[in-house]
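Novice: Sharing a model that was predicted from the sequence below.
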Amino acid sequence: MNYILHLCVLIGIYSVVCHSLNLLVGYSGLVTLGHAAFFGIGAYAAALLTTEAGFPFLVALLSAMLFSALISVLISWPSVRLRGDYFVLASFGFQIIIYFLMFNWVELTGGPAGLSSIPRPKLLGIQIGSLPAFAALSIVSAIIASGVVWVVTERCALGRALKAIRENEIAAESLGVDVVLVRIKVFALAAGLAGGSGAIFAHYMSFIDPSSFTVNESIYLLSIVIVGGLGTLAGPFVGVFVMILFPEVLGFLQIPSTVAPSIRQMIYGLVLVALMFWRPQGLAGSYRLE
Amino acid sequence: MLVAYAMGTLTQLLANTISTAGIYVLTGVGLSMIYRVSKVFHFAHGAIYTIAAYVFFTFLIWLCVPLLVALVLAVAVSALVGFGLDRVLYQPLAKRRVSGATLIIASLGTYIFVENLIALIYGSDTQVLLPGVQKTLVLGNASVTVTQLVEIGIFVLMVISTIWIRSKPVGLWLRSVANDSTMATALGLPVTRIRGIAFLVGSGLAGLAACLASLDSGAEPHMGLKALFVAIVAVFVGGPDIFLGPIVGGIFFSMLQVAANYTLSSRWESTLAFVVLLLFMVLRPEGILGRTRRIEEATAH
């Protein structure tokens, strides 16, 4: 039972990150290899705020989201002007810079040893210490995140502008859409959401180190979003369910735990290649990466 | 006395810089050749690098083949794998006119698959190819290992051959397809064959780099990603549209590394390299050597 609750927590946390990544990849057509960096920035910011500065959880969470969004402007402001491969490359570079900062700035981040004894959060006077409470928190945050994404993409001018840019950038621009500004805004929103889920992740694990925020993690997040489906609200949920429950299937097959991680990753790799051939929009997606 | 000492340090630094640059240049020239001709952002270049190092290791240590034979076999295998990857994966995808992003993700998927396949077969520990400390030769003021000497030789060879190939038929083929592959097809150039050449040669060069690097520091499953970082920086800082670009970029990167080691500490070298890459992409996307393109040219690819 506890294990199922643990999976629920993970599904909630990953749903938030993947919804935010879907905003970039699916709704805006910006393929990024740097999303784990924002997840990590949020995690480190929140962890430092609660352990070092003694902030309450909610304040730390909101500050981490804000901080992550601000950092995203630093990177998105110059890089959203780049086209195609160059944008992917810029996000890749950003991811590596942030990873090495976490790894090497020992005075702030603890370096490879990471940060430990992050307290379990207290929200509106309720101590969230038990696993069921945490599962509820992360599921609620996933629902809030998907709600935000739905409002932004379906009920806002920003969402219509995004889709217009994705379909035809030049046409959108000629109709008066400020492409750079729209992309900076959506980038900040996505980074904020990712940072928020990072904060929840840090408080759930109560220990973080740079190995959770590597390039491979960014690639993993991207593959969840692509497998689930691009540009729909259901996509990230489908992707997270498939990709998080899938390792459990390997567990049933009695594959020894020494080789299981490699086999799992190999299958992810194959699935990505296969999807690009037969279903580039993902399982439940509407938008093809074209 | 002091001057002689300073000269000695300088020659040593130069030898170290050029020998590391040799490896970077090999990987970088390979990547840029493939990228320019096929327009595929070839993440799996890192996978090919790792494969070459492990094939080399298998022949050299497990099968006890002589070093030079093992080297040739490893380079041949990596060239063929690169070529095959293009035929099986990239070309069918390119025929469907998919976007660059689709190709990148397919390439990433391949990379992940290969990295973990290798970890599955060989384990994720570093495999040592040459045990013990290598013998050093004293040349003037500097002492270098045999591997380093070979790397310096290869660096010089790469500089000469990239300048030489520019105006030769193969070089012209590569350049014309890189410039505009539709036009090249219309003019009757064998575009598929030229692509094949780029993948064969580019992957072979990466394979050679991997073998040399693994003699120094062994082989491990993640080595390809690190090599790919360096190649990307070398190609995009040097100039992604120029043959000499990755060579200049490779020297630049290894100088940056030496400078970082002497002033800050070696742990910041990657951070510094990628900050420089981002600055270049924003401020001078055509690289050190490239010339500014007109908008029509830039959107053509």
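Specialist: Received the coordinates, thanks. Residues are numbered from 1 along each chain as shown, chains lettered A, B, ... in the order given.
Novice: show me the contacts for A:Gly229.
Specialist: Counting by CB atoms under 8 Å, 6 or more residues apart in numbering or on different chains, A:Gly229 makes contact with A:26, A:235, A:238-239, A:281-286. Every C-beta, even on glycine, is put in place using the N, C-alpha and C of the backbone.
Novice: give the contact list for the nearest residue to it once chain neighbours are set aside.
Specialist: Distances taken as CB to CB, 6 or more residues apart in numbering or on different chains put A:Gly285 closest to A:Gly229, at 2.8 Å, once the chain neighbours are dropped. By CB under 8 Å, 6+ apart, the residues touching A:Gly285 are A:26, A:228-232, A:235.
Novice: by contact count, what packs against the helix or strand hosting A:Leu89?
Specialist: Per DSSP states H and E, A:Leu89 falls inside helix A:85-104. Other helices and strands packing on helix A:85-104, by 3 or more CB pairs under 8 Å, 6 or more residues apart in numbering or on different chains; DSSP states H and E, are helix A:35-51, helix A:57-79, helix A:106-109, helix A:215-228, helix B:100-122, helix B:223-238, helix B:269-283.
Novice: pull the CA atoms of that helix into CSV?
Specialist: Only the C-alpha atoms of helix A:85-104 are listed here, as CSV (Å, rounded to 0.1, in the frame of the first residue of the first chain):
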residue,chain,number,x,y,z
ASP,A,85,18.5,23.1,-33.8
TYR,A,86,20.1,26.2,-32.3
PHE,A,87,17.4,26.5,-29.7
VAL,A,88,17.8,22.8,-28.7
LEU,A,89,21.5,23.4,-28.5
ALA,A,90,21.1,26.5,-26.3
SER,A,91,18.8,24.6,-23.9
PHE,A,92,21.3,21.7,-23.8
GLY,A,93,24.1,24.2,-22.9
PHE,A,94,21.9,25.8,-20.2
GLN,A,95,21.2,22.4,-18.7
ILE,A,96,24.9,21.5,-18.5
ILE,A,97,25.8,24.9,-17.0
ILE,A,98,23.2,24.5,-14.3
TYR,A,99,24.2,20.9,-13.6
PHE,A,100,27.8,21.9,-13.1
LEU,A,101,26.8,24.8,-10.9
MET,A,102,24.9,22.4,-8.7
PHE,A,103,27.8,20.0,-8.7
ASN,A,104,30.7,22.5,-8.2
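Novice: so how far is that helix from its chain's centroid?
Specialist: Here the centre of helix A:85-104 is set off from its chain's centre by 15 Å, with CA atoms, centre = their mean, to the nearest Å.
Novice: quick check: mean pLDDT across it?
Specialist: Average pLDDT, helix A:85-104: 90.
Novice: What ranges does the chain have for its helices?
Specialist: Since no chain was named, I'll use chain A. A:2-22, A:35-51, A:57-79, A:85-104, A:106-109, A:131-154, A:157-167, A:169-174, A:179-205, A:215-228, A:234-252, A:260-278 (DSSP state H).
Novice: please go with chain B instead
Specialist: Remark: helices assigned in chain B by DSSP H are B:2-38, B:45-57, B:67-85, B:91-95, B:100-122, B:146-165, B:169-179, B:181-186, B:191-217, B:223-238, B:245-263, B:269-283, B:295-300.
Novice: Got a PyMOL select line for the buried ones in the contacts of A:Gly285?
Specialist: Buried residues within these, by 16 or more other CB atoms under 10 Å in any protein chain shown, are selected in PyMOL with:
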select buried, chain A and resi 26+228+229+230+231+232+235
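Novice: from the contacts of A:Gly285, which two are the most distant?
Specialist: A:Gly228 and A:Gly231 (10.6 Å; CB to CB).
Novice: shared neighbours, the two?
Specialist: In contact with both A:Gly228 and A:Gly231: A:22, A:285, using CB under 8 Å, 6+ apart.
Novice: can you redo the contacts of A:Gly229 as TSV with distance to B:Ile61?
Specialist: Converted to TSV, the contacts of A:Gly229 look like this (distance: CB to CB, whole Å):
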residue	distance to B:Ile61
A:Gly26	47
A:Gly235	46
A:Val238	45
A:Gly239	41
A:Gln281	46
A:Gly282	43
A:Leu283	44
A:Ala284	48
A:Gly285	46
A:Ser286	51
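Novice: And the buried ones among those residues, selectable in PyMOL?
Specialist: Those of the contacts of A:Gly229 that count as buried under 16+ other CB under 10 Å are selected in PyMOL with:
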select buried, chain A and resi 26+235+238+239+281+282+283+284+285
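Novice: Run through the residues of the stretch 101-250 of chain B sitting next to chain A.
Specialist: B:101-106, B:108-117, B:119-120, B:225, B:229, B:232, B:236 (CB under 8 Å from any CB of the partner chain).
Novice: What's the per-residue pLDDT of residue 229 here?
Specialist: Picked chain A for this. 86.
Novice: That was the other one, I meant chain B.
Specialist: Confidence score, pLDDT, at B:Phe229: 86.
Novice: what sits against it?
Specialist: So B:Phe229 contacts A:96, B:270, B:273-274 (CB under 8 Å, 6+ apart).
Novice: Closest one to B:Ala209 out of the residues you listed, please.
Specialist: Looking across these and measuring by CB to CB, the closest to B:Ala209 is B:Ala273, at 17.2 Å.
Novice: Next one: the closest one from chain A, what distance?
Specialist: 9 Å (CB to the nearest CB, to the nearest Å).
Novice: pLDDT score assigned to that residue?
Specialist: 83.
Novice: OK, contacts around it?
Specialist: Here B:Ala273 is in contact with B:229-230, B:233, B:253, B:256-257 (criterion: CB under 8 Å, 6+ apart).
Novice: returning to that earlier point: of the contacts of B:Phe229, which is the nearest to A:Met276?
Specialist: Closest to A:Met276, out of all of the contacts of B:Phe229 and judged by CB to CB, is A:Ile96, at 23.9 Å.
Novice: and that closest one, how many residues sit next to it?
Specialist: Around A:Ile96 there are 27 other residues, counting by other CB atoms under 10 Å in any protein chain shown.
Novice: And for residue 105, the neighbour number?
Specialist: Reading this off chain A. Neighbours around A:Trp105, by other CB under 10 Å: 15.
Novice: The chain in question should be chain B.
Specialist: If we define neighbours as other CB under 10 Å, then B:Ile105 has 27 of them.
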